[in-house]
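Chemist: predicted model follows, preceded by the sequence.
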Amino acid sequence: MRIAKGYDKSFVDGKIQEHIKMKSNVEIKGIVTIQLFDEEGKLEREIQTENRITDSIARMAFMDYFCYRIRGNPWGIQYEYNDSEVGSTQSNKDTNYIEQNGSYSYFAAPFRHFVLTNDTTPETNFARSIKGDIIGWADKSRVYAGTSTVKGTINLNESLFTENNLHFVFDFPTSVANGTFQKLWWCDMKYDTSTQEILYGLKAISRNYKLDSYESKEASTPTATSFTPGNYGTNPTYRLRIFKYNNKVYAIGPNSSTSKSCMAVINIDTEEYSEIDLYTVMELTSTSFKPTNYLMAQDNNYVYMLYKSYNNKLHRLNLDDNTKVETTLSNNYYTLIGQQIPEIPSSWYSSIDNYLQNGLMGCKNGKLYIPLRYSNGGTNKTFILVCNPDSNLSKTALYDMSTITTPAGPFSNNAMLLNGYDLKLQIRDSDTWFVSNGSYTFVTDNSFNIIDISYREYGFDHQTILEDTVGCAIKRYYISCSSSSIYKWQYYWTLWEPIAAMTLLPSPVTKTPTNTMKIQYDFNIQKVDPFQP
């Protein structure tokens, strides 16, 4: 380890604040210099400090340029397209970035986008999302001359590159990046190609690492029987839903032939497959007790089930012994839901079930979380009703997705992607949720405020279970189902680019409309001769 010293110097009163960090003895060093100028172009303040290149990026570099070359695997080679491959126009370069062995951006990732936020947490050795409100940002790969009040531009005239040093210069005029920031980030983001101003989150990971850690698995299930869960009927269709408990995957749904409730159990460790006749063990009295995906939710060993065809019953299935507890509702479930959302008129209660069908409810701490998109006249908004699993589905909380929050800046419009959509819920941990609007998956807190602005460009459904990790991977368990019955189960991994580097400044920096700002970012790379001692 070594000591790295930075500073924050005022050119008004001469005050200097020193910033000391302990840094690893690495061969690549990033140094940032921030300069604020007054209206007359006079330097007011200068801040300089080192960044932290995250461990995940260092490990990728090791795999890309060391391990793969020793092993001689061609899939370790990374490519950057030239104009003859993707086309010379900027539009072509934005669009044609899929290479033959996986997705890889035309521009060199992951050091492409430079972002300023008001986050003040310590630098970490592994980060996969940007924290804080975005005060400003810029793209190192192209000049920007639009009207955004957040996006600055790369200064190509002052940016210089040699074998030993990469010197990036970003300019932020008086109208841009006004506010207070203290954290700087490097990452590779997705954003719109029309205005180049709206950020959509981190890009999916571009490397094809073949590591045992991310090995996938799939296996076919036995030939369907009268106890195999699947899909039943066409209008409406009763679909299965899967859950995970004690390292087993459970698929619950009606049998396609008998319409009776049943369950498949798959032991992930041993791959043992078994089926359970829920109709018998739950002591159900009618085939009208047909479970369906949007009316089921899991909380540890309990699965709660409402029934479209028997709409005044609520069952709690215990996965430990496959027994049930039955609750008789005081009214049908959709009326009880509607009565507890003041904005919904009673005339619309009969439509509620139709709008529930494209979402998935969740359960946490014994409470049901029921998402409902309310579409009536000119109103199209989404609520999440939190209620007890009692006879009245008694409300304990109600969330209006039109009022949720997300960090400020170019991500702020994305909060609306959870309003006016049919939402699917899955627990992530005790404090957070996975929430999908069908196209994207967000991480939210327990009040459904978006807290991870680097959301994922994929959704999940009733046949998928997401399992998060502390790194840059989500493990996805999936049941494949034909028109009537399950026939395969599998798990695989979804990876996304982590944050490349971060810099916590020695003190907050406030830029006002009277300031212009120049940020110089240097990557100092130790040059070595591979053929000389």
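Modeler: Structure's in. What do you need?

Chemist: CA only for contacts and neighbour counts going forward, please
Modeler: Will do.

Chemist: my guess is T228 contacts S484. True?
Modeler: No: using CA atoms under 8 Å, T228 is not in contact with S484, being 9.4 Å away.

Chemist: common neighbours of these two, please.
Modeler: 255-256 (CA atoms under 8 Å, 6 or more residues apart in numbering).

Chemist: mind checking which of those two has more residues around it?
Modeler: Neighbour count, other CA atoms under 10 Å: between T228 and S484, T228 has more, with 30 against 19.

Chemist: and R476, what element?
Modeler: Using DSSP states H and E, R476 maps to strand 473-481.

Chemist: buried residues in stretch 440-450, which are they?
Modeler: Buried residues in stretch 440-450, counted by 16 or more other CA atoms under 10 Å: 440-445, 447-450.

Chemist: next, the distance between the ends of that stretch.
Modeler: The first and last residues of stretch 440-450 sit 12 Å apart, counting by CA to CA, to the nearest Å.

Chemist: about what we covered before: could you list the paired strands of the next helix or strand after the strand holding R476 along with their orientation?
Modeler: Heading C-terminal from strand 473-481, the first helix or strand you meet, by DSSP H and E, is strand 486-495. Paired neighbours of strand 486-495 in the sheet (DSSP bridges): strand 217-220 (antiparallel), strand 473-481 (antiparallel).

Chemist: among those strands, which is the most enclosed?
Modeler: With neighbours defined by mean count of other CA atoms under 10 Å, none of the strands paired with strand 486-495 is more surrounded on average than strand 473-481, at a mean of 19.

Chemist: which residues sit against that strand?
Modeler: With contacts defined as CA under 8 Å, 6+ apart, strand 473-481 is touched by 230, 242, 251, 463-469, 486-496.

Chemist: all helices of this structure, in order?
Modeler: 55-62, 68-71, 83-86, 90-95, 278-281, 333-339, 352-356 (DSSP state H).

Chemist: quick check: pLDDT value at the closest residue to P508 other than its chain neighbours.
Modeler: Once flanking residues are discounted, P508 sits nearest to Q182: 4.7 Å by CA to CA, 6 or more residues apart in numbering. If you check Q182, the pLDDT there is 96.

Chemist: near Q182, how many other residues are there?
Modeler: 20.

Chemist: what sits against it?
Modeler: Counting by CA under 8 Å, 6+ apart, Q182 has contacts 116-120, 504-509.

Chemist: domain parsing for the chain?
Modeler: According to automatic domain parsing, the chain comprises the domains 2-206+498-525, 213-495.

Chemist: which stretch among those domains comes nearest P533?
Modeler: Ranking the domains of the chain by proximity to P533 (CA to CA) places domain 2-206+498-525 first, at 16.8 Å.

Chemist: still on that earlier bit, Throw the strands paired with strand 486-495 into JSON lines and include distance to L317, thanks.
Modeler: Formatted as JSON lines, these follow (distance: least, CA to CA, whole Å):
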{"stretch": "strand 217-220", "distance to L317": "26"}
{"stretch": "strand 473-481", "distance to L317": "21"}
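
Chemist: with distance to D133 and mean pLDDT added, can I get the ones you listed in TSV?
Modeler: Converted to TSV, those look like this (distance: least, CA to CA, whole Å; pLDDT from 0 to 100):
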stretch	distance to D133	mean pLDDT
strand 217-220	39	94
strand 473-481	24	92
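
Chemist: of these, which is nearest Y355?
Modeler: Comparing the strands paired with strand 486-495 by CA to CA, strand 473-481 comes nearest, at 23.3 Å.

Chemist: sorry, back to before: restricted to strands, list the buried residues of stretch 440-450.
Modeler: Members of the buried residues of stretch 440-450 lying in strands (criterion: DSSP state E): 441-445, 450.

Chemist: tally of neighbours for the nearest residue to K381 once chain neighbours are set aside?
Modeler: Of all residues not flanking K381 in the chain, G420 sits nearest, at 4.0 Å (CA to CA, 6+ apart). Residues near G420, counting by other CA under 10 Å, number 19.

Chemist: quick one, phi psi at G420?
Modeler: Main-chain dihedrals, G420, degrees, to the nearest 10: phi 80, psi 20.

Chemist: that one is in contact with N376, isn't it?
Modeler: No: here G420 does not reach N376: they are 11.2 Å apart, not a contact under CA under 8 Å.

Chemist: on that earlier part again, and the furthest pair within the buried residues of stretch 440-450?
Modeler: Y440 and S447 (18.5 Å).

Chemist: sorry, back to before: ok, of the contacts of strand 473-481, which come out buried?
Modeler: Counted by 16+ other CA under 10 Å, these give 230, 242, 251, 463-467, 486-487, 489-491, 493-496 as buried.

Chemist: coming back round to it: for D171, find the nearest of the strands paired with strand 486-495.
Modeler: Comparing those under CA to CA, the one sitting nearest is strand 473-481, at 34.7 Å.

Chemist: in the stretch 301-450 of the chain, which segments are predicted with low confidence?
Modeler: Of all residues in the stretch 301-450 of the chain, those with pLDDT under 70 make up the ranges 406-415.

Chemist: ok so, going back, looking at the strands paired with strand 486-495, which is closest to T33?
Modeler: Of all these, strand 473-481 comes closest under CA to CA, at 33.3 Å.

Chemist: returning to what we had before: and which of the buried residues of stretch 440-450 is nearest to K9?
Modeler: Of all those, I450 has the smallest distance to K9: 36.2 Å, by CA to CA.

Chemist: and the closest one, how far from L425?
Modeler: Taken as CA to CA, the span from I450 to L425 is 13 Å.

Chemist: check N524 too.
Modeler: Relative to L425, N524 is positioned 45 Å away (CA to CA).

Chemist: more neighbours, those two?
Modeler: L425 (25 against 17).

Chemist: so who does the residue nearest to that one when sequence neighbours are not counted touch?
Modeler: Nearest residue to L425 in three dimensions, chain neighbours excluded: V435, at 4.9 Å (CA to CA, 6+ apart). Counting by CA under 8 Å, 6+ apart, V435 makes contact with 423-426, 441-444.

Chemist: please redo it, this time with the cut-off set to 6 Å
Modeler: By CA atoms under 6 Å, 6 or more residues apart in numbering, the contact set of V435 is 424-425, 441-442.

Chemist: looking at those, which is nearest R456?
Modeler: Minimum distance to R456 across these is 5.2 Å, recorded for T441 (CA to CA).

Chemist: look up how far I3 lies from the nearest residue to R456 once chain neighbours are set aside.
Modeler: Closest residue in space to R456, ignoring its immediate chain neighbours: T441 at 5.2 Å, by CA to CA, 6+ apart. Here the criterion is CA to CA. By it, T441 lies 41 Å from I3.

Chemist: also V443?
Modeler: 36 Å.

Chemist: likewise for P222?
Modeler: Taken as CA to CA, the span from P222 to I3 is 62 Å.

Chemist: on the pLDDT front, check the residue nearest to F170 when sequence neighbours are not counted for me.
Modeler: Among residues not flanking F170 along the chain, I154 sits closest, at 4.5 Å (CA to CA, 6+ apart). Here, the pLDDT recorded for I154 equals 94.

Chemist: same deal with Y214?
Modeler: Y214 carries a pLDDT score of 81 in this model.

Chemist: between the contacts of Q182, which is nearest S394?
Modeler: Nearest member of the contacts of Q182 to S394, counting by CA to CA, is D119, at 38.7 Å.

Chemist: ok, now how distant is that closest one from Q182?
Modeler: For D119, the distance to Q182 - CA to CA - is 6 Å.
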